[in-house]
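Student: Pasting the sequence and the predicted model now:
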Amino acid sequence: MTEPVLEVHGLRKYFPVSTGSLLHRKVAWVRAVEAVDFAIQPGETLGLIGESGCGKTTTAKLILLQEKPTAGAIVFDGEDVLSLNGQDLMRYRRSVQVVFQDPYSSLSPRMRVGNIIAEPLEIHTKLSRAERQERVAEVLELVGLQPDVAKLFPHEFSGGQRQRIAIARALVTDTRLIVLDEAVSALDVSIRAQIMSQLEHLQATLGVSYLFIGHDLATVAHISHRIAVMYLGQLVEIAESSELCTHPLHPYTQALLAAALPSHPNDKRGRLTLSGEVPSALAPPSGCRFHTRCPRAMPRCAEEVPVISEVASAHDVACHLY
Amino acid sequence: MAPLLEVSDLRTHFTSFGGSRVVKAVDGVSFALNEGETLGLIGESGCGKTTTCLSIVGLLPPAARIASGRIVFAGEDLTRKTQRQMRRVRGRSIAMILQDPMASLNPLFSIYTQVGEPAYYHRNIRGRSLRQRVQDLLRSVRIPSPAMRMRDYPHQMSGGMRQRIVGAIALAGGPRLIIADEPTTNLDVTIQAQYLDLLKDLQHDTGVAIIFVTHNLGIVARMCDRMAVMYAGKIVEQASVQELFDAPKHPYTKALLGSLPKLGSKEPLYAIPGQPPNLARLPTGCAFHPRCADAMPLCAEHEPQDAQFGPGWTARCWRATQLVKEAYDRASA
Amino acid sequence: MSLTTVRPAATEISAIAGPLSWLRAGGGWPVLPLGILIPFVFVAVFANAIAPYDPTEPIPGAKIFEPPFWSQGGSLHTLLGTDYQSRDVLSRLIFGARVSLIVGVMGTVVAGSIGTTLGMLAGYLGGWVDQLIMRVTDAWLALPAIVFAIFLATMVGPSMWNIIIILGAVYWTRYARVIRGEVLSLREREFVKLAEIAGASRTRVIMRHILPNVMNSTMVLASLTIGVVIIAEASLSFLGVGVPPPEPAWGSMLADGRSMLMVGDWWLTIFPGLGILLVVLATQLFGDWLRIRLDPQQRNL
């Protein structure tokens, strides 16, 4: 088994929130990410799915070092990322990049596209200007754009093209992992398919890994090899993608599948048995956080936190039913 | 029976710079909707679906105007009405649900005031019957403890609940048609499913017709009886949802269906090449031809006309017409 | 706010701006302000070639207090009359334009540089840097500008460069405040975050991503500030602590001619006064046009 590109162990992130009146200042903790473990292999796409408040965006921020974890470890190529400094840290930064959701604010409006893409090269390498331009032309072709668009400004491009530019920028250094944070959610349906094909093609050619964060199960399942499902900060299920769609084990995953929109009018999925809303992360339910809405909750679920464990081959669930 | 809503050759234009530039946001749209039916108006950004709906309710921005066409609702032509007359129609006979519930609700007024307003103005309900009506409405959109929640304000409710309240406001005036413009785009997946189930139930109970404007084919598959696919301001194909999903005739419809990821399948998606068109600079002939896999030379020269493919099934495509004609010729030979 | 709403970036529909649409007469160019400013700059730059006489020397053979040529007693040799030292008013006006221009522009540049830099540092770095800069800005703003300028001028002594630096030091605060606000929202934009994630140093982020995007606001502020600085310079000259004589400045011309207004020698004050009025009006109108042109959403500058 090859060494994973990225591993996270017991990752936790709590945000302090002050509540109470002026006289009784209390600090409460928003438990945004609670003990998350996963690994991403080289050339693999791990999908991360969940609804609002599940912690997937925070997890991404932790991996990108935009936030410091409250506890836990992030291991990249065998090294503990959180203890890296200087050159080693720069090495991590150029190997792990991100593409964000909004194509209209991801590109610096006053910089030419060529310079935007070349910026990581300027930061991390000592390539000459000509060498940089060559590399920029290379990645532009890789993402399906003409090399001579490098001299244009972002506002001359459509949403889908801007995302391609963002992807090009993410690839320009020797990137090993790209975090795609809802990267296709804001695009038109026809463009979405274009970008997803492009991403798959790039993965096949360059062997880059993806952490694909999304909220639409069909889209995430299509591009991911494995999928991790999060609910209220916890990882509840992780399995190979078609296995997850055909044999979901955790009741929340089952609910997500039941809620997913059909792809054909004859595709009757049955009514959703999930009621209510997601509880607040300030005061999450005790034990299994899903038990308040779970149609198959048992008394044990309110008391004991289920541990994620392998239930079938390469299929881990955190649920007392198993 | 006459349809509830009949739109005939609607053309809505945006003008800028004192008339020097005209953008044909809606360019010859025709469709019909019967009582209690659900129509899906589907297309990507810039195709004109929202402008069509705004034309129907008379809420176009100042730079836009209906250039020609008729919108006949319950026997009356809405394009002939003044704004004052339209105010009697909006909220009472036709209601709208928009995408962002926070923008649709006024943060300063209580739920009771906002849900009650259409009933107050359009149906003249007052006092205790008004309170009862608001509670009934809130109950029908499944808001728990309606009597208490009536007194709350929008910021005290979650996104899903707010969207349901918007639904209650839409129903309060007793409309015959609800136009829902991307109502679930901002909602979580499970909340969206709950909401769509709710809309289906409400439609069943009240018999209201719904126009669902969306870019999401899944919603159309789930909710709609008929669908109309829009591209560059025109309807390129319309038929029943079953017909269109089974055997689409227009290449754009086929491409849209092909680009939809199907749960559990790793089949490669069909990626439509090129970009959505710039309405200010449309290609000659068929607006879709630069991106069409089946384009013929004719497509670049002449705009295709609506051709009939079955009862209630029309599509605008030279290739599709040609294929049908060939099949017909073969069958008669 | 959903991100699937249509953005008008690639299409060309634009709404017609309601107010000030008369500014668009002439194809969208600000005809009136430019009509005043371009000649002003031209005259100031080519003063040596245009002015008929040396502004600091009395004209030989001319009387003192000669009126403009169209009044009785005036002559075509001294088109706008002479002052109390029989120096040509027109020439003094022309050279005074140069002083106003230089001090106005350079003072704005100094103010803009200081203010923008501090604003960017405060906005981007946050924390104690932000607190420190903002408290200094607040304190500075509490001082009345002209009085402070006078104080500084009397401390360091009058000379053109001293005045420029003083005015720059007095007027930087408005930049700092506005730019800081912009930077606060700019730094949350995704392209800034992307640069940070890619490992860009803070200097790099500020110079490459923040600064170019605040330049719009800086330019608008600058065009609105030039007028203020010109008036400040005129005020200082009027009070005698501006550019020292015999260098002509519109403000000192006003001061010199003030007493003669009583006896009817109006040309000594009206012309420089008109000069100040027109130039400042033109810069303000230009600044307004620039603000609408560059970013129609920025109505509150």
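Tutor: In hand now; what should we look at? Residues are numbered from 1 along each chain as shown, chains lettered A, B, ... in the order given.

Student: Who are the contact partners of the most centrally placed residue in chain A?
Tutor: What sits nearest the mean C-alpha location of chain A, by C-alpha atoms, centre = their mean, is residue A:213, with 3.3 Å. The neighbours of residue A:213, taking C-beta atoms under 8 Å, 6 or more residues apart in numbering or on different chains as the test, are A:47, A:48, A:49, A:56, A:57, A:60, A:179, A:180, A:181, A:182. Placement of C-beta: from N, CA and C, glycine included.

Student: Let's see which of these end up in strands.
Tutor: Secondary structure from DSSP state E places A:47, A:48, A:49, A:179, A:180, A:181 of those in strands.

Student: Please report which of these has the highest neighbour count.
Tutor: In terms of neighbour count, residue A:180 stands highest of the ones in strands among the contacts of residue A:213 at 29 neighbours, by other C-beta atoms under 10 Å in any protein chain shown.

Student: Would you confirm that that one contacts residue A:203?
Tutor: No: using C-beta atoms under 8 Å, residue A:180 is not in contact with residue A:203, being 11.0 Å away.

Student: Could you tell me which residues touch both of the two?
Tutor: Common contacts of residue A:180 and residue A:203 (C-beta under 8 Å, 6+ apart): residue A:210.

Student: Neighbours of residue 81, how many?
Tutor: Just so you know, I chose chain A. 21.

Student: Sorry, I should have been clearer: chain C.
Tutor: Neighbours of residue C:81 (other C-beta under 10 Å): 26.

Student: so where's the chain shaky on pLDDT?
Tutor: Reading this off chain A. Across chain A, the ranges flagged by pLDDT under 70 are A:1, A:19-24, A:270-272.

Student: Hmm, no, I was thinking of chain C.
Tutor: Across chain C (using pLDDT under 70), the flagged ranges come out as C:1-28, C:295-301.

Student: Enumerate every residue touching the residue of chain B found nearest chain A.
Tutor: In chain B, no residue comes nearer to chain A than residue B:218, which is 2.7 Å away by C-beta to the nearest C-beta. If you count contacts by C-beta under 8 Å, 6+ apart, residue B:218 has them with A:218, A:260, A:261, A:262, A:263, B:260.

Student: Residue C:201 too?
Tutor: Applying C-beta under 8 Å, 6+ apart to residue C:201 gives the contacts residue A:123.

Student: The longest helix along chain B vs chain C: in contact?
Tutor: Ordering each helix of chain B by length in residues (DSSP state H) puts helix B:189-206 first. No: residues of helix B:189-206 are not located near chain C by C-beta under 8 Å from any C-beta of the partner chain, the shortest gap being 13.2 Å.

Student: which residues does residue C:282 contact?
Tutor: Neighbouring residues of residue C:282 by C-beta under 8 Å, 6+ apart: C:32, C:33, C:34, C:35, C:36, C:37, C:40.

Student: Give me the buried entries from the residues you listed.
Tutor: Buried members of the contacts of residue C:282, counted by 16 or more other C-beta atoms under 10 Å in any protein chain shown: C:32, C:33, C:36, C:37, C:40.

Student: Show me those that map onto helices.
Tutor: Counted as lying in helices by DSSP H, out of these, are C:32, C:33, C:36, C:37, C:40.

Student: Residue A:10: which of the residues you listed is nearest?
Tutor: Within those, proximity to residue A:10 (C-beta to C-beta) peaks at residue C:33, which comes in at 64.6 Å.

Student: List the strands paired with the helix or strand harbouring the residue nearest to the centre of chain A, with their directions.
Tutor: Here residue A:213 sits within strand A:209-214, counting by DSSP states H and E. Within its sheet, and counting by DSSP bridges, strand A:209-214 is paired with strand A:45-49 (parallel), strand A:177-181 (parallel).

Student: the helices in chain B, which residues?
Tutor: Assigned helices in chain B, in chain order: B:49-57, B:83-89, B:101-104, B:111-123, B:127-140, B:146-149, B:159-172, B:189-206, B:217-223, B:241-246, B:251-258, B:297-301, B:318-332 (criterion: DSSP H).

Student: Kindly reformat those as CSV containing distance to residue B:286 and mean pLDDT.
Tutor: Putting the helices of chain B into CSV (distance: least, C-beta to C-beta, whole Å; pLDDT from 0 to 100) gives the following:
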stretch, distance to residue B:286, mean pLDDT
helix B:49-57, 19, 93
helix B:83-89, 34, 89
helix B:101-104, 36, 84
helix B:111-123, 42, 91
helix B:127-140, 45, 92
helix B:146-149, 52, 90
helix B:159-172, 37, 91
helix B:189-206, 34, 90
helix B:217-223, 22, 91
helix B:241-246, 19, 93
helix B:251-258, 10, 92
helix B:297-301, 5, 89
helix B:318-332, 7, 84
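
Student: Right, I'll call it a day here.
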